[in-house]
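A.B. asks: I'd like to go over a predicted model; first the sequence, then the structure.
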Amino acid sequence: MITNPENQIRGVIYGHAIGDALGLGTEFMSKATIAHHYPQGLSHYDQIIQDTHRARFKIGDWTDDTDQMLCIFDSLLALKRFDTLDIARRIYQWGADGAPDIGQTVHSVLIAPGFLENPHKVAQSYWESTGKYMAANGGVMRTSILGVWEYHDLEKVAFHAQEACKITHYDPRCILSCQIISLFIARLLQGESDIPTLLNELKESYASKDPRVLEYFNKALDKNIAPLELGESRSMGYTLKAMSTGTWALQNATSFKEGLLAIIHEGGDADTNAAVAGPLLGARFGYSSIPSEWIDGLKEKDALESRIHELLNKRSGISL
């Protein structure tokens, strides 16, 4: 565990993008399909097969997980503060520009009348129309930057995660997932190094808010990743499963590379699971622990680096 905020912040942001870009290679695959396409394992972007789904992306591209995180990031950099409506506007514009991989929940909310004026109300109405059943992972997949922004103030971190989640995902399980992941990141940036104690604190706090969280915290405590059932087709997009994947990585990974590859090779919603786990691994092990070929191979590395440079140089919303 390192305690170097600049190194950790870079690790969070690159970890998100790299997890997303590399996870694309096994997204929606079973373990058997992964073994067929990658008999030696997947370890670099240029190995990613170009089937119908993946051919829409260039080598080293990230997907909607990082695109939406950057909508939040760009809003924070531009306004120097958190603004729900500005973030909603940026996500809306991203969708309107023809995002090829936009998720069902996000798409349904964005196209509903009144979204730009009151996204929370629209998201709530959509959630209620599904019978309060939909708890997809489209909120938690974009939340990592909110663990960085004003990370010294945990109440603000939790509030911002809640407000950003509710732009499209109103289910309380989605909100709690975003808060948990963002708070993990913030606590690591604050210098927390006792991972078991940190996990236990958040488990007790959030299980009291919603008992459904407890099961997924407990799954993450097993050193074996199999109990997470990441490739199970019916629940692969569940928000608590993504939260649990990040928690598992934080608890059990011995390095950034080992943790991320373990998740990617389980398949399922691999890009989202890795986009949730990658920032936690980046915060724990630091940017300096990330393989250089994964950093340099990102198609939009320069654009990502420019944002990080602006964040760290202006100290916008953070205190190092």
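C.D. replies: Done, it's in. Numbering: from 1, shown residues only.
A.B. asks: you'd agree Leu70 is up against Ile308?
C.D. replies: No: using Cβ atoms under 8 Å, Leu70 is not in contact with Ile308; the gap is 11.3 Å. C-beta: built from backbone N, CA, C; applies to glycine.
A.B. asks: quick one: which of these two has more around it?
C.D. replies: Leu70 (23 against 18; other Cβ atoms under 10 Å).
A.B. asks: Need the nearest residue in space to the more buried one, chain neighbours excluded.
C.D. replies: Arg307 (7.3 Å; Cβ to Cβ, 6 or more residues apart in numbering).
A.B. asks: Determine the set of other helices and strands touching the helix or strand harbouring the one you found.
C.D. replies: Assigned by DSSP states H and E, Arg307 belongs to helix 301-314. Applying 3 or more Cβ pairs under 8 Å, 6 or more residues apart in numbering; DSSP states H and E, one finds that helix 301-314 contacts helix 5-23, helix 64-79.
A.B. asks: next one: it to chain centre, how far?
C.D. replies: Chain-centre distance of helix 301-314: 19 Å, with Cα atoms, centre = their mean, to the nearest Å.
A.B. asks: Buried residues of it, list them for me.
C.D. replies: 304, 307-308, 311 (16 or more other Cβ atoms under 10 Å).
A.B. asks: swap in stretch 272-288?
C.D. replies: Quick answer for stretch 272-288 (16+ other Cβ under 10 Å): 272-287.
A.B. asks: Farthest pair within these?
C.D. replies: Greatest spatial distance among these (Cβ to Cβ): Thr272 and Gly286, at 22.9 Å.
A.B. asks: Tell me which of the buried residues of stretch 272-288 fall in helices.
C.D. replies: If you go by DSSP state H, these have 272-285 in helices.
A.B. asks: With pLDDT added, can I get the residues you listed in TSV?
C.D. replies: Putting those into TSV (pLDDT from 0 to 100) gives the following:
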residue	pLDDT
Thr272	98
Asn273	98
Ala274	98
Ala275	98
Val276	98
Ala277	98
Gly278	98
Pro279	98
Leu280	98
Leu281	98
Gly282	98
Ala283	98
Arg284	97
Phe285	97
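A.B. asks: Nearest to Arg89 among those residues?
C.D. replies: Ala275 (22.4 Å).
A.B. asks: which residues touch the closest one?
C.D. replies: Listed by Cβ atoms under 8 Å, 6 or more residues apart in numbering, the contact partners of Ala275 are 16-17, 19-20, 23, 65-66, 69, 141, 144.
A.B. asks: Which of those has the largest number of neighbours?
C.D. replies: Compared across the contacts of Ala275, Gly19 has the highest neighbour count, 36 neighbours, by other Cβ under 10 Å.
A.B. asks: Which pLDDT does the model give that residue?
C.D. replies: Turning to Gly19, the model gives it a pLDDT of 98.
A.B. asks: Show me the shaky parts of this structure.
C.D. replies: 1-2, 314-320 (pLDDT under 70).
A.B. asks: ok, now which ones touch Pro162?
C.D. replies: Quick fix: residue 162 is Gln, not Pro. Counting by Cβ under 8 Å, 6+ apart, Gln162 makes contact with 175, 178-179.
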